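Undergrad: structure of the sequence below:
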Amino acid sequence: MKKEKLKKQFEVLQQKRKQLIEIVASADAGLLNRSPAEGKWSILQILYHVRASEAGTLRYIEKKLSFSPDGLASSSFLSGAKLLLLEITLRSPLKFKAPKGLDVFPEKLALEEINADWDQSDKGFLQLIDRLDERQLGWQLFKHPIIGRLDMQQTIKFMISHFDHHARQIKRLTS
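TA: Next comes the predicted model:
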């Protein structure tokens, strides 16, 4: 996959986030930290979770590259098929437990801080895409906790599906 196409795909994710942040910013401030029910995440907790997931993905890829500079296995058809199944599942009403560590939140959450941290992760992803050569883009750079290893394009597709899953959740809470 060409880098420019991959960057455009990532920019779609950035635009979706900006639109969602606008919706959240215009919501009642009291609603943002309020849990809709016992054991359910508040809007800011959901945003924090998605941001932390994306930042963790970037850290994982950077670490993987530092330990495997000479190469990794290339993505396979099976990886793509598993991703498609996960994307379908994320569009369904099914609920999932977050992986350990992505279900822990700071005591105080602020939309501005979450958004600023997200901006930094986004810059890191764009810099990573710039650094990778065409061959590396096809490597299995990220290991999803359920479906396994994904290449860069598949990773971004997962991030978009994960974002969309939680954006629907947030939109329900703000309407």
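
Undergrad: could you pick out the longest helix of this structure?
TA: Secondary structure assigned by DSSP state H gives helix 43-67 as the longest helix of the chain.

Undergrad: now do that helix: which elements does it pack against?
TA: Under the contact definition 3 or more CB pairs under 8 Å, 6 or more residues apart in numbering; DSSP states H and E, helix 43-67 sits against helix 3-25, helix 29-32, helix 111-131, strand 142-144, helix 152-174. C-beta here means a position set from N, CA and C on the backbone, and glycine is covered the same way.

Undergrad: gap between the shortest one and the chain center?
TA: Here the centre of mass of C-alpha atoms in strand 142-144, compared against the chain's by CA atoms, centre = their mean, to the nearest Å, lies 12 Å away.

Undergrad: which positions in that strand come out as buried?
TA: By 16 or more other CB atoms under 10 Å, the buried positions in strand 142-144 come out as 142, 144.

Undergrad: run a quick neighbour tally on Val104.
TA: For Val104, the count of nearby residues is 11 (other CB atoms under 10 Å).

Undergrad: nope, Ile23 is what I meant
TA: By other CB under 10 Å, 14 other residues sit near Ile23.

Undergrad: in a strand, Leu109, correct?
TA: No. Using DSSP: H, G, I helix; E, B strand; the rest coil, the assignment for Leu109 is coil, not a strand.

Undergrad: next one, pLDDT for it please.
TA: Looking at Leu109, its pLDDT stands at 93.
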